[in-house]
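In: Sharing a model that was predicted from the sequence below.
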Amino acid sequence: MIGFEPSELEELQQYKIMTGCVVPRPIGFITTKGPQGVNAAPFSMFNVVGTEPPMVMFCAGDQDDGTGKDTVQNIEANPEFVAHIVSEDIAEQMNICSADYPMGVNELEKVGLTEVPSVKVSVPRIKESPVHFECKFDQSLRLGSRHHMHIGEVVYIHLREDIVDMEKFYINIEKLKPVGRLSGPRYAHINDIFTMTRPYLNDNAVKRN
């Protein structure tokens, strides 16, 4: 084994190690709306962080001048966002939206994705995504020198009909076809799935799966 303290590395080296090891990561395709219009950007530091109420988070680094990314500036002006799951069908459009477009450019128009109204928030959703989480901003946490974790409460959920069994509340992963982020320009299809049943030592334990 090779061992070292992270502080021995430059930030870019730390980034390469962390994002190369913690894989695959879900991608949150985040839409926001601010004074200059709608913004859409993918974040691979994204995950669910709670239930009752359901909450999701994404982490964004500051821009080189120390200001927040367009997504963050929009949330500061309008504390809402919609988090979408990236499927194989929209992976290429998602990647194009990751470019550093100037503030005010609508990335969805650039890539031909369709805006549709949300139910509980003013931010539009991406029609072509199979999952939409409408979110009210809850809080931000500063992480280190230049990153912030942004947490939102999910106030409305949209699921494409073919991916969910609403009697059992099971999501069909094969039909969802999510895309995971690896390191650098590499992504992963989730198509090699295996099952392991969690052992329960207490017969009275609540089984969630």
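Out: Cool, the structure landed.
In: use CA for all of it now, contacts and neighbours both
Out: Noted.
In: Quick check, central residue of the chain?
Out: Gly28 (1.6 Å; Cα atoms, centre = their mean).
In: Show me what that one is bridged to.
Out: Phe43, Ile85 (DSSP bridges).
In: From Ser145, how far off is it?
Out: Noted for Gly28: a distance of 23 Å to Ser145, by Cα to Cα, to the nearest Å.
In: on that earlier part again, residues touching the residue nearest to the centre of the chain, list them.
Out: Pro42, Phe43, Ser44, Met45, Phe46, Asn47, Phe58, Ala83, His84, Ile85, Val86 (Cα atoms under 8 Å, 6 or more residues apart in numbering).
In: nearest to Met18, of those?
Out: Nearest to Met18 among the contacts of Gly28 is Met45, at 10.9 Å by Cα to Cα.
In: which residues sit in contact with the closest one?
Out: Arg25, Pro26, Ile27, Gly28, Phe58, Cys59, Ala60.
In: Now render these as TSV, adding distance to Val111.
Out: TSV is the format used below for the contacts of Met45 (distance: Cα to Cα, whole Å):
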residue	distance to Val111
Arg25	23
Pro26	21
Ile27	18
Gly28	17
Phe58	22
Cys59	24
Ala60	22
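In: Glu174: which of the residues you listed is nearest?
Out: Nearest to Glu174 among these: Pro26, at 15.4 Å, using Cα to Cα.
In: Would you report the backbone torsion angles of that closest one?
Out: The phi and psi values for Pro26, taken as degrees, to the nearest 10, are phi -60, psi 150.
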